[in-house]
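Chemist: I'd like to go over a predicted model; first the sequence, then the structure.
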Amino acid sequence: MRVVFMGTPDFAAESLKKLIKEGYDVVGVFTQPDKPKGRGMNLSFSPVKEVAVEAGIPVFQPEKMRDGTALEMLTSLKPDVAAVVAYGRILPDDMLAVPPLGCINVHGSLLPKYRGSAPIQWAVLNGDAVTGVSTMFMSTGMDEGDIIYTEETEIGEKETSGELFDRLMVMGAELLHKTLSNLQKGGVPRTPQNHAEATYTKQLDKSFSPIDWTRSPKEISKWIYGLQPWPTATFEIEDKVFKAFSCEFTTNKTAKAPGSIVSAGKAGIEIACGEGKTLLITELQAPGKKRMKAADYLLGHPIKV
């Protein structure tokens, strides 16, 4: 079975590594064009390209997907199937029709929930107890294709999006292997999605960083862990913007307004939240400083309550 792989970031690179390790005939790899990076703005390879080059697999980096160039590249490879993982480009219908066994996509959610970008982060931000990965046959609509397999996993109480990302990255690679293996053996199930149950995610940016202290401690905790490693939750104390990395619930009650400092000491910085409750910030990063325990920061920078 001739496989064309399409992907760009680390999440996709893990799947490509898995296909190579399992001996699939990967005849070509599509990835986004090299981008300038660092102070010297030198062109850098995507993680997927690095894996492909090391394995000696031909790499294709079309600038556009609808001018016929990408279609010609794909057609020339005569793929039986295309495996698409976080490519970052929308495949037009003429490209989707090339592989006779279809185009298979790996998505970091339990579809039809969290279609679109940043599904892993939003599962944490929204306080979900369970998430997972899905494989599906790609269709014209974004993440609307028939589901092949899903794999579930629980989300830890203090698991960051970065930590969950790393786990789902491996799960996604394993699920892609299962999908292609069974496809090669004779077939896989395909279950149409219930579009009425579909939800969509928003792309994250730094505008999501400021903590809304009117929310409950649990919601704020999930916000702190869900925005790691980027763009990171932030809060203000004495006109300074801090990054928040770790927190603890308290059983304390307060009449202070949400966002007010309740206490500051060895346990951390206790801040008033919604519902008259409080939350302890236990690890933070001050402007121009390294990430540290809140208690250590307070030793040299006491806060008046």
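Modeler: Ah, there it is.

Chemist: May I ask you to name the longest strand in this protein?
Modeler: strand 240-253 (DSSP state E).

Chemist: downstream neighbour of it in the secondary structure list?
Modeler: Going down the chain from strand 240-253, the next helix or strand is strand 261-265, by DSSP states H and E.

Chemist: In contact with A12, which residues are there?
Modeler: Contacts for A12 (CB atoms under 8 Å, 6 or more residues apart in numbering) come out as 5, 47-48, 85-87. In short, each C-beta sits where N, CA and C put it, glycine included.

Chemist: tell me which element it is part of?
Modeler: helix 10-21.

Chemist: and after that helix, which helix or strand comes next?
Modeler: Helix 10-21 is succeeded, C-terminally, by strand 25-30 (DSSP H and E).

Chemist: and that following strand, how far from the chain's centre?
Modeler: 24 Å (CA atoms, centre = their mean, to the nearest Å).

Chemist: Kindly report the same for stretch 292-305.
Modeler: For stretch 292-305 - counting by CA atoms, centre = their mean - the centre lies 33 Å from the chain centre.

Chemist: Ends of that stretch, what's the gap?
Modeler: 21 Å (CA to CA, to the nearest Å).

Chemist: Tell me which stretches of this structure form helices.
Modeler: Defined through DSSP state H, the helices belonging to the chain, from first to last, are 10-21, 47-55, 69-77, 93-96, 119-125, 161-185, 217-226, 294-300.

Chemist: For the fourth one, enumerate the helices and strands it packs against.
Modeler: Taking 3 or more CB pairs under 8 Å, 6 or more residues apart in numbering; DSSP states H and E as contact, the helices and strands that helix 93-96 lies on are helix 69-77.

Chemist: angle of the helix it packs on against strand 25-30?
Modeler: Here helix 69-77 runs at 170 degrees with respect to strand 25-30, directions being taken by axes from the mean of the first three to the mean of the last three CA atoms, to 10 degrees.

Chemist: Where does the prediction get shaky in the stretch 1-150 of the chain?
Modeler: 38-41 (pLDDT under 70).

Chemist: how does this structure divide into domains?
Modeler: Following automatic domain parsing, one finds the domains of the chain at 2-197, 206-300.

Chemist: most packed of the helices of the chain?
Modeler: Each of those was scored by mean neighbour count; the highest is helix 119-125, a mean of 24, by mean count of other CB atoms under 10 Å.

Chemist: re the thing from before, out of the contacts of A12, the closest to K222 would be?
Modeler: The nearest member of the contacts of A12 to K222, counting by CB to CB, is A86 at 23.5 Å.

Chemist: now the closest one: how far from I220?
Modeler: Per CB to CB, to the nearest Å, A86 is found 29 Å from I220.

Chemist: cool, and K18?
Modeler: Counting by CB to CB, the gap from K18 to I220 is 37 Å.

Chemist: same thing with G145?
Modeler: Per CB to CB, G145 is found 36 Å from I220.

Chemist: got the end-to-end distance for stretch 220-238?
Modeler: Stretch 220-238: ends 20 Å apart by CA to CA.

Chemist: from here on, count from 11
Modeler: Renumbered: residue one is now 11, and that last one reads stretch 230-248.

Chemist: And it, how far out from the chain middle?
Modeler: The mean C-alpha position of stretch 230-248 is separated from the chain mean by 16 Å, CA atoms, centre = their mean.

Chemist: for stretch 142-149, same thing?
Modeler: 15 Å.

Chemist: same deal with stretch 292-312?
Modeler: Distance, stretch centre to chain centre, for stretch 292-312: 28 Å (CA atoms, centre = their mean).
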